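**Q** Let me see the structure of the following:
(chains A, B and C)
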Amino acid sequence: MITVDNLTVRFGPATAVDGVSLHVEKGESFGLVGESGSGKSTILRTAVGLTADWTGRIEIDGLDARHTRPRDLARRVQMVFQDPYASLHPRFVIGRAIAEPMRIQGMENIDRRVGELLDMIGLNASFRYRYPHELSGGQRQRVAIARALALQPGVLLLDEPTSALDVSVQAEILNLLADLREELGLTFLIVSHNLAVISHMCDRLMVMQNAQAVETLTRDQLRARAFASDYTRKLIEAT
Amino acid sequence: MSLVEIENLRITFPSDTGPVQAVRGVSLSLGRERLGIVGESGSGKSLTGRALMGVLPEHARLDVDRMEFDGIDLTRAGPRQRRRLRGGRMGMILQDPKFSLNPVMRVGAQIVESIRIGDRSLSRAAARARALETLEAVHIRAPDRVFDLYPHELSGGMGQRVMIAMMVVRQPDLLIADEPTSALDVTVQEQVMSILDDAVRSRGMGLVLISHDLHLVSRFCDRVVIMYSGRIVETLPAANLAGAVHPYTRGLLACLPDIDGTAARLPVLNRDPAWAQA
Amino acid sequence: MTATPAVAPDLRSARLREWRSFARRFLRNPLGVIGLLIIVALLLCALFAPWLATHNPYQTSLPDRLSAPSAAYWLGADELGRDIYSRIIYGSRLTLLIVALVVVTSAPIGLIVGVVAGNYGGWIDRIFMRVTDVFLAIPKLLLALAFVAALGPGIVNAALAITLTAWPPYARLARAETLLIRNADYVNAVRLAGASEWRIMVLHIVPMCMSSVIVRMTFDMAGIILTAAGLGFIGLGAQPPLPEWGAMISTGRKFIFDQWWIATAPGFAIFIVSLGFNLLGDALRDLLDPHLRQRR
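**A** Below is the predicted model of the structure:
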């Protein structure tokens, strides 16, 4: 479903991602874990076209990310951002924010779909005409998830989806994501600095450090502590 | 004798719909120990720390029956005395070092200034040597180089450690650390906490560690206070988190994902309105 | 977080609720309210000038020339015996006309230039901003003077001349805001949905620039009034016998020592109105400026 092959991303003189490859099967949940500056978020942003200077190959759902129009790619892959306080337009009511991707794509029955999406993420219809500043962080993140699902993509990229939230809210959002994945048969690529979150959510994971991949593990390998690198051990000990 | 005594602290904010109490009757006492205050956003944990430090937001109203620091009645201390205490015997570390370091002054100069505020007899050269020592103590690899940098040239983790160095050189009797490590990577967190730990052990400093992270707090503190909705719901010895009886504390512990957890779904906290009352 | 607000059943009532809360916060600032009252008074003056004026502003009456304030001439009469009070009331129309002309032309021009430059970057940005720099580098009054000299004096030309000098700051402002907004995650999110750059600019970036533009506009109105009066004063703005405040001061200058009220009354009017715009601008900035708002 997702193939990243020898991806290198540069920001000016700095290399943010250095020759990283990974493959995610359809329906799988894959985690990228590492510390700040390790390049894990950059991989997601590059996959959806938010960075310019990169080499290598990215394929999502059979589409080459470099040569596909953003409009077409949008229906296959969407992203949920880290900070729910920065990812909703402050001047748009919730219903408008969720409807916007569908309007852009010229879809039909938008009104009904917005209702269904709100229902799907567990917010009642009264939220439709509220502004983001009237919502809690957890509610905002739910709205961001609904917006990402509006175009019915098969792949969801999640960039630290719960790290700005309280732990009790984190649990609710992680549960919601797990339910949605099962219900809609989604493929997840999740970035987090929190190994416990990744272990809870992902079948396989890749540990990253200093722009490079350290190793790729299955969840069972992680739990059996069957890893090769010292860095992974350090991460586990610190968690 | 205890270092800090707070009795029935209340903090109120005005709002469109009338005054809102953000802290509702918190009582605490702290010896020369490490006390953790844990809670979620809006629980009043940071405001409690700020009230003690005397740096509440302007429009907050503070009522307290008793608030003492080492025998000094803080409710009667004037702004000047509070300022002197903040510069010397009490210190505070905030989550984001950007707000606490002077952006147009080199890091080293700021540390030297802090040292000389604490001890005016020290010569410039001696203060510089002390500053370098301190930077080394907070695990900064090339203290000579960092000494001459401006705050914006530091990474987040480095800025946070410089901030801690600045606080520790003043040798305060009480240090309030509000989410001191949540901007840091997990591997750096350990180092930073051990620096604070050192100060408590070697000098008998009192430490108040305010955090949302139950596990971090339990690892580094002697006692943990759990706050919910402006009140303390439970106080526990840090070693015995498992012995928590309040459903909120138990819920918080349960809803954390675990590397080795096998459940497909995480337990969700069902907030009981009664927790905010009793 | 606020307590759960009353549920809005549709978009209109949601917007209405936003406005109410904005109005409530605005009313808490007494200086801002004073500024607003001054502006409202100016609008009422312009609207009801025929009813508020006691005389025809163009009616000369040579026997009464230069008469001091009295029951007949509340603020005195000028060198042709016209009632100064009535002329000031009618002059409010000219003042508003100029302000409106300048604002509805300069703010959109600046906004478009700034947003396009900021959003596209690269050579478009460089060209647009260098042009802006050129306009900023020429002294304001000089450019306006040259323009009026070329096109001939008159109110509309004066307004055009002021526009020519007034738009660059909006372009700067809008570009700076756009540089921040275009990388915000809420804009990235619509970009990921395949939105065109035009849609992003018009629907998503411009609304976020509006609040700073409105604040800047309010402050600018005071400056526009002063510049217009300045042009009128040197005879390049409104032409006689139009009761433009700057031109009125200009004629009153000759009599400033003996009949001081002729120049003072319109001068006072200019002062009050620009003060009003400044007070209103200050209050709006406190409410709308995103940088200040975060601090509260």
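**Q** list the contacts for the residue positioned nearest the centre of chain A?
**A** Closest residue to the average C-alpha location of chain A: A:Leu158 at 1.3 Å, with C-alpha atoms, centre = their mean. Contact analysis of A:Leu158 by C-beta atoms under 8 Å, 6 or more residues apart in numbering or on different chains lists A:Met79, A:Val80, A:Leu177, A:Phe188, A:Leu189, A:Ile190, A:Val191. Every residue, glycine included, has its C-beta placed from N, CA and C.
**Q** And for the first one, nearest residue in space, chain neighbours not counted?
**A** Of all residues beyond its chain neighbours, the one nearest A:Met79 is A:Leu157 (4.3 Å), with distances taken as C-beta to C-beta, 6 or more residues apart in numbering or on different chains.
**Q** Mind listing what's buried along the one helix or strand B:Leu85 maps to?
**A** Counting by DSSP states H and E, the element that carries B:Leu85 is helix B:79-87. The neighbour-count check on helix B:79-87 (16 or more other C-beta atoms under 10 Å in any protein chain shown) flags B:Arg82, B:Leu85, B:Arg86 as buried.
**Q** From what I see, the first one and B:Asp73 are in contact.
**A** Read it as B:Arg82. No - judged on C-beta atoms under 8 Å, B:Arg82 makes no contact with B:Asp73 at a distance of 11.6 Å.
**Q** What distance do you get for the closest residue to B:Met163 other than its chain neighbours to B:Ser41?
**A** Nearest non-adjacent residue to B:Met163, counting by C-beta to C-beta, 6+ apart: B:Pro97, 4.2 Å away. Distance, B:Pro97 to B:Ser41, using C-beta to C-beta, to the nearest Å: 20 Å.
**Q** Settle it for me: which of the two has more neighbours?
**A** Shown here are B:Pro97 and B:Ser41; by other C-beta atoms under 10 Å in any protein chain shown, B:Pro97 has more neighbours (22 against 14).
**Q** how about the residue nearest to the centre of chain A, phi and psi?
**A** phi -120, psi 110 (degrees, to the nearest 10).
**Q** For it, give its distance to A:Leu135.
**A** With C-beta to C-beta as the criterion, A:Leu158 and A:Leu135 are 19 Å apart.
**Q** Return the residues of chain A in contact with chain C.
**A** A:48-50, A:69-74, A:78-79, A:81-83, A:86-91, A:93, A:95-97, A:100-101, A:104-105, A:126, A:129-131, A:134-136, A:144, A:147-148, A:150-151 (C-beta under 8 Å from any C-beta of the partner chain).
**Q** mind redoing it with 6 Å?
**A** Counting by C-beta under 6 Å from any C-beta of the partner chain, the residues of chain A close to chain C are A:48, A:50, A:70-71, A:74, A:79, A:81, A:86-89, A:91, A:93, A:100-101, A:104, A:126, A:129, A:134, A:136.
**Q** Just the buried residues out of those, in ChimeraX syntax.
**A** Selection of buried members from the residues of chain A next to chain C for ChimeraX, criterion 16+ other C-beta under 10 Å:
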select /A:48,50,74,79,81,87,88,89,91,93,100,101,104,129,134,136
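**Q** need the strands for the chain, in chain order.
**A** All of this refers to chain A. A:2-11, A:14-24, A:29-34, A:54-60, A:63-64, A:77-80, A:155-159, A:187-192, A:204-209, A:212-218 (DSSP state E).
**Q** try again with chain B
**A** Secondary structure of chain B by DSSP E: the strands cover B:4-13, B:20-30, B:34-38, B:61-63, B:66-69, B:72-73, B:90-93, B:174-178, B:206-211, B:223-228, B:231-237.
**Q** Which one of those strands lies nearest to C:Pro169?
**A** strand B:4-13 (37.1 Å; C-beta to C-beta).
**Q** touching chain C at all, that closest one?
**A** No - residues of strand B:4-13 are not located near chain C by C-beta under 6 Å from any C-beta, the shortest gap being 11.6 Å.
**Q** count of residues packed around residue 39?
**A** Assuming you mean chain A. By other C-beta under 10 Å, neighbour count at A:Gly39 equals 24.
**Q** think we crossed wires, I meant chain C
**A** Neighbours of C:Ile39 using other C-beta under 10 Å come to 18.
**Q** So which elements touch the helix or strand hosting it?
**A** Using DSSP H and E, C:Ile39 maps to helix C:30-47. The elements that helix C:30-47 packs onto, with contact taken as 3 or more C-beta pairs under 6 Å, 6 or more residues apart in numbering or on different chains; DSSP states H and E, are helix C:84-120, helix C:261-288.
**Q** Now that helix: buried residues?
**A** Here helix C:30-47 shows C:Gly32, C:Gly35, C:Leu36, C:Ile38, C:Ile39, C:Leu42, C:Cys45, C:Ala46 as buried, counting by 16+ other C-beta under 10 Å.
**Q** swap in stretch B:29-38?
**A** For stretch B:29-38, using 16+ other C-beta under 10 Å, the buried residues are B:Leu30, B:Glu33, B:Arg34, B:Leu35, B:Gly36, B:Ile37, B:Val38.
**Q** Centre of the chain to it, how far?
**A** 10 Å (C-alpha atoms, centre = their mean, to the nearest Å).
**Q** could I have it exported to CSV, CA atoms only?
**A** Provided in CSV are the C-alpha atoms of stretch B:29-38 (Å, rounded to 0.1, in the frame of the first residue of the first chain):
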residue,chain,number,x,y,z
SER,B,29,3.1,21.1,53.0
LEU,B,30,6.6,20.5,51.7
GLY,B,31,9.8,19.6,53.5
ARG,B,32,13.2,19.3,52.0
GLU,B,33,11.9,16.6,49.7
ARG,B,34,10.7,16.0,46.2
LEU,B,35,7.0,16.6,45.8
GLY,B,36,5.2,15.8,42.5
ILE,B,37,2.0,17.5,41.4
VAL,B,38,0.2,15.5,38.7
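**Q** What are the neighbouring residues in contact with the residue positioned nearest the centre of chain C?
**A** Nearest to the geometric centre of chain C sits C:Met221, at 2.3 Å (C-alpha atoms, centre = their mean). Going by C-beta atoms under 6 Å, 6 or more residues apart in numbering or on different chains, C:Met221 touches C:Val99, C:Phe277.
**Q** Quick check: buried residues in the host helix or strand of it?
**A** Assessed by DSSP H and E, C:Met221 sits inside helix C:206-233. For helix C:206-233, a neighbour-count test (16+ other C-beta under 10 Å) marks C:206, C:208-213, C:215-225, C:227-233 as buried.
**Q** ok, back up a step: output the buried residues of helix B:79-87 as JSON lines; include the columns pLDDT and distance to C:Glu177.
**A** Shown next, in JSON lines, are those (pLDDT from 0 to 100; distance: C-beta to C-beta, whole Å):
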{"residue": "B:Arg82", "pLDDT": "89", "distance to C:Glu177": "39"}
{"residue": "B:Leu85", "pLDDT": "88", "distance to C:Glu177": "42"}
{"residue": "B:Arg86", "pLDDT": "84", "distance to C:Glu177": "37"}
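**Q** just those now: which is nearest chain C?
**A** B:Arg86 (20.8 Å; C-beta to the nearest C-beta).
**Q** how far away is the closest one from chain A?
**A** Counting by C-beta to the nearest C-beta, to the nearest Å, the separation of B:Arg86 from chain A is 29 Å.
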